[in-house]
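In: sequence and predicted structure below; questions after.
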Amino acid sequence: MKLKNILIVITGVLFTHIAISQEGLPIYTDYLTDNYYLIHPSMAGAANCSKIRLTGRQQWLGQDDAPRLLTLSLNGRIGDSQSAIGGILYTDKNGYHSQTGAYVTYAHHLMFSRSEIDLNMLSFGLSAGFIQYQLDETTFLSDSPIGDPAIDGTVQNQTNLNIDFGFSYHYLDFYAHGTIKNVLKNKGVNTDIGPMNQVAQTDNLRRYLLSVGYVFNKYGSEWSYEPSVMLQYRDATKEAAIDVNAKVYKQMDFGKIWAGLSYRNSFDGAEYLTNTGSIRSQKLQQITPIVGVNYNKFMVAYNYTYQTNSLVFTNGGYHQFTLGYNFSCKRKRFECNCPAVN
């Protein structure tokens with residue numbers, strides 16, 4: 001294999017850090033498809049409808065063992081109370097790694113406004129779940145009589161428990177979410193052989209998320225506009241990234257149609273060696289257009305992620321579909337442009 005191809009493979013692996021299979025549910029841009037509960041547990045039951053969301057994501061079409069993800073989430077209020085529950089099932093496969101997880105969520109919503117007309121709500125959410133990690137080493141063994149003592153040629157499995165905790169604040173057309181994911185320390189199935197044959201396992205999978213946004217609308221207009229940002233920070237490796245998002249909605253007789261654009265940029269880069277012997281560095285950069293429609297109680301959305309870096313594993317993009325259904329809907333309680341709540 002040529003040096004350039006090797007470097008492309010290495011860089012491609014480095015820049016899939018958002019989808020590393022040991023870190024629980026990967027964080028993509030599917031939260032923008034009316035699916036904030038997928039990353040923020042405090043959003044369980046925040047809306048006036050109970051919600052079911054099914055997502056399917058496929059990366060690098062045409063490549064064998066490319067990462068793929070399936071998620072199924074459900075959340076809603078408990079009767080007319082301020083409490084809510086939710087649940088998430090997912091399966092994520094990334095090459096020889098795979099994981100299956102399930103979360104249950106409890107959320108509580110505190111109202112500070114004098115009436116339901118003006119939205120002023122503080123929410124807290126706690127998710128607890130298990131994750132089963134799997135590493136398939138059955139094809140790792142070579143014909144060499146020496147072998148590698150770190151590889152036993154079996155399918156390794158390990159199940160861990162972890163929790164996510166977060167808050168959300170909605171005030172009229174403004175919102176903010178903060179979440180700590182993987183609060184507990186636990187280990188997956190990856191091991192690294194260090195100096196003196198010491199085995200090292202990463203047990204800090206903690207990740208911090210912060211989302212802020214605002215919905216603009218001219219009185220009486222069918223159009224509304226929602227800029228937002230999301231910051232994420234990984235505690236163990238000190239990696240950070242930002243999503244800069246923009247969405248536009250048009251109210252229709254049957255519901256609404258909407259579209260958006262998300263730009264993800266990492267603050268950390270990876271160095272690589274070119275064919276000329278010089279050292280260069282590049283950061284993760286992704287652009288994701290999103291389109292969707294809410295038809296009565298149904299929702300359908302599609303987003304496509306394109307990596308804009310000059311050195312990538314493949315030019316094939318990342319495709320994701322989201323299907324949704326709202327049920328047990330109550331009347332719209334608030335006079336605000338707040339699509340995640342009303």
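Out: Looks like it arrived, so ask away. Just so it is clear, the structure is predicted and the values come from calculations on it, not from any experiment.

In: tell me where the stretch 201-342 of the chain has helices.
Out: Counting by DSSP state H, counting those that start in this stretch, the stretch 201-342 of the chain has no helices to list.

In: where does pLDDT dip in it?
Out: Regions of the stretch 201-342 of the chain meeting the criterion pLDDT under 70 cover residues 201-202, 271-272, 309-316.

In: mind listing what the residue nearest to R234 when sequence neighbours are not counted touches?
Out: Of all residues not flanking R234 in the chain, R207 sits nearest, at 5.2 Å (Cβ to Cβ, 6 or more residues apart in numbering). From N, CA and C alone the C-beta is placed, and that goes for glycine too. Residues near R207 by Cβ atoms under 8 Å, 6 or more residues apart in numbering: E23, I27, I180, K181, N182, Q232, Y233, R234, D235.

In: can you rerun that using 10 Å?
Out: R207 makes contact with 18, 23-24, 27, 39, 164, 179-183, 232-236, 239 under the criterion Cβ atoms under 10 Å, 6 or more residues apart in numbering.

In: could you turn the buried ones of those residues into a ChimeraX selection?
Out: Here is the ChimeraX selection string for the buried members of the contacts of R207, based on 16 or more other Cβ atoms under 10 Å:
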select :18,23,24,27,39,164,179,180,181,182,183,232,233,234,239
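
In: which residue ranges of the stretch 51-200 of the chain form strands?
Out: 68-77, 83-94, 97-111, 120-136, 155-171, 174-181, 192-193, 199-200 (DSSP state E, counting those that start in this stretch).

In: JSON lines for these, including mean pLDDT and distance to C338?
Out: Below are those laid out as JSON lines (pLDDT from 0 to 100; distance: least, Cβ to Cβ, whole Å):
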{"stretch": "strand 68-77", "mean pLDDT": "95", "distance to C338": "16"}
{"stretch": "strand 83-94", "mean pLDDT": "94", "distance to C338": "16"}
{"stretch": "strand 97-111", "mean pLDDT": "94", "distance to C338": "13"}
{"stretch": "strand 120-136", "mean pLDDT": "92", "distance to C338": "10"}
{"stretch": "strand 155-171", "mean pLDDT": "91", "distance to C338": "6"}
{"stretch": "strand 174-181", "mean pLDDT": "97", "distance to C338": "7"}
{"stretch": "strand 192-193", "mean pLDDT": "46", "distance to C338": "46"}
{"stretch": "strand 199-200", "mean pLDDT": "49", "distance to C338": "46"}
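
In: save these as TSV, and put in distance to Y325 too.
Out: Shown next, in TSV, are these (distance: least, Cβ to Cβ, whole Å):
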stretch	distance to Y325
strand 68-77	10
strand 83-94	15
strand 97-111	18
strand 120-136	21
strand 155-171	22
strand 174-181	23
strand 192-193	44
strand 199-200	45
